[in-house]
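> A structural model of the following input is requested.
(chains A, B, C and D)
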There are 2 protein chains.
Amino acid sequence: MTGGDTGGPGPAWTDPGCPVARTADLVGDRWSLLVVRDAMDGARSFTDFQRRTGIARNILTDRLRRLTAHGLLTQVEAPSGRRRLYALTEAGKDLFAVIVAMRQWGERHAFDAGEPHSVLVDGHGARVPDLVPAAADGTPLTSDTTSVRRPRPPDVTAS
Amino acid sequence: MTGGDTGGPGPAWTDPGCPVARTADLVGDRWSLLVVRDAMDGARSFTDFQRRTGIARNILTDRLRRLTAHGLLTQVEAPSGRRRLYALTEAGKDLFAVIVAMRQWGERHAFDAGEPHSVLVDGHGARVPDLVPAAADGTPLTSDTTSVRRPRPPDVTAS
DNA sequence: CCGATTGGTTTCATTTTGCAACCGTTTGGA
DNA sequence: TCCAAACGGTTGCAAAATGAAACCAATCGG
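Coordinates of the predicted model:
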């Protein structure tokens, strides 16, 4: 079988104290994020996901299970029918900001001028504004004006 | 050699019209994003990156080259010395919003209550506020209140 | 009742990743 | 000056992940 673990991301996190790394452990492979993207765009069934992403079927099986095990998706019964459908949990929906940020970065840096691409719009058809990290007072923040405060590292002096 | 292509992400994009997919093609593997994270946190040299991420050296070589080829990193000469250093380009720094969004999602969903983790703070030591997608008028947006507008797909009826 | 569709599973080949050893070039002392 | 350590990789090989394709049981539609 391809994959098949449940629960954690395996034995251990890549970098236990870093939320960025934990998120990468959970959805940082080529397909998981695209599955979530398509779920946000209305995909519900196995074949929905398979057609939209073009992912290999065995890998899709694994990703749907993994995302379900990690609490990003749930399986729901189709109202009138017996087929299984997948829906985003609250945690899954909460990845929206990540997907939006990636979309906007891609629009800015991964397309030549004039190259067509899909656009995220709100209920009125207006383009969703750029997501910009800002301090509480509204000042925009960058990697140059912020820093990472690490927690006390686990003490390893055993004696 | 492991890896070694330059230019595009290889032959073609996973999903050419989708900015999310293009971003995933560029930095959507387990390590690239963590390399960028560490670059934002001050990592400059090969061994800096290797020690912080714990990545295999040959893979690190590949990722640094790939990120450089894609314009997220540049090699700069050390001011007094001959050792090569890597620095983020503007495009690389612009991934800040993506990293912040991932960090915040991780904090909310990938840690048990009370489990310690690193925190991103601004110049005054204040925690960076949550990044929330919003319409132009400030109304928060979610995947339920937005939709993806696709470009006219390339017409394939060849006759 | 028949054929198509759905939601997988299995097998096997290819690719990617990781580990460990090795290497030439600085760098830093004694 | 010479030695040792560090730096920035490269190489070979084993293990794991991925992908393509065939196969399958259980519906679904007519």
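> would you say A:A113 is within a helix?
No. Looking at A:A113 with DSSP: H, G, I helix; E, B strand; the rest coil, it is coil, so not inside a helix.
> relative to DNA strand C, how far out is it?
29 Å (CB to the nearest atom of the strand, to the nearest Å). Just so you know, the C-beta spots here come from the backbone N, C-alpha and C atoms, and that holds for glycine as well.
> burial measure for that residue, as a count.
4 (other CB atoms under 10 Å in any protein chain shown).
> what residues are up against it?
Contact criterion CB atoms under 8 Å, 6 or more residues apart in numbering or on different chains gives no residues in contact with A:A113.
> any idea how far the closest residue to A:S143 other than its chain neighbours is from B:E107?
The spatial neighbour of A:S143 that comes closest, neighbours along the chain excluded (CB to CB, 6 or more residues apart in numbering or on different chains), is B:M40 at 3.8 Å. Distance, B:M40 to B:E107, by CB to CB, to the nearest Å: 17 Å.
> before we move on, what about A:F111?
For A:F111, the distance to B:E107 - CB to CB - is 31 Å.
> more neighbours: those two, which one.
B:E107 (20 against 15).
> the more buried one is in what secondary structure piece?
helix B:96-109 (DSSP states H and E).
> could you give the mean pLDDT of that helix?
Averaged across helix B:96-109, the pLDDT comes to 98.
> now stretch A:67-75
97.
> name the surrounding residues that touch that stretch.
In this structure, residues lying in contact with stretch A:67-75 by CB under 8 Å, 6+ apart are A:5-7, A:9, A:26-27, A:32, A:35-36, A:39, A:64, A:84-89, A:91-92, A:95, B:109.
> so among those, which ones count as buried?
With neighbours counted by 16 or more other CB atoms under 10 Å in any protein chain shown, the contacts of stretch A:67-75 contain buried members at A:9, A:26-27, A:32, A:35-36, A:39, A:64, A:85-86, A:88, A:91-92, A:95, B:109.
> among those, which one sits closest to DNA strand D?
The closest of these to DNA strand D turns out to be A:S32 (CB to the nearest atom of the strand; 8.8 Å).
> quick one, what contacts that closest one?
Residues near A:S32 by CB under 8 Å, 6+ apart: A:L26, A:R63, A:R66, A:L67.
> mind checking the SS state of the one residue sitting closest to the centre of chain A?
Residue closest to the average C-alpha location in chain A (CA atoms, centre = their mean): A:L33, at 4.2 Å. With three-state DSSP as the basis, A:L33 sits in helix.
> hang on, it packs against A:M102?
Yes. The pair A:L33 / A:M102 is scored as a contact, 7.5 Å apart, by CB atoms under 8 Å.
> overlap of the contact sets of these two?
B:V20, B:A24.
> gap between stretch A:12-26 and the chain center?
13 Å (CA atoms, centre = their mean, to the nearest Å).
> can you check stretch A:117-126 too?
20 Å.
> same question, stretch A:120-140
19 Å.
> show me what counts as buried in it.
Buried residues in stretch A:120-140 (16+ other CB under 10 Å): A:L120, A:V121, A:D122, A:V128, A:P129, A:L131, A:P133, A:A135.
> widest-spaced pair of those?
Spatially, the most separated pair among the buried residues of stretch A:120-140 is A:V121 and A:A135, at 28.3 Å (CB to CB).
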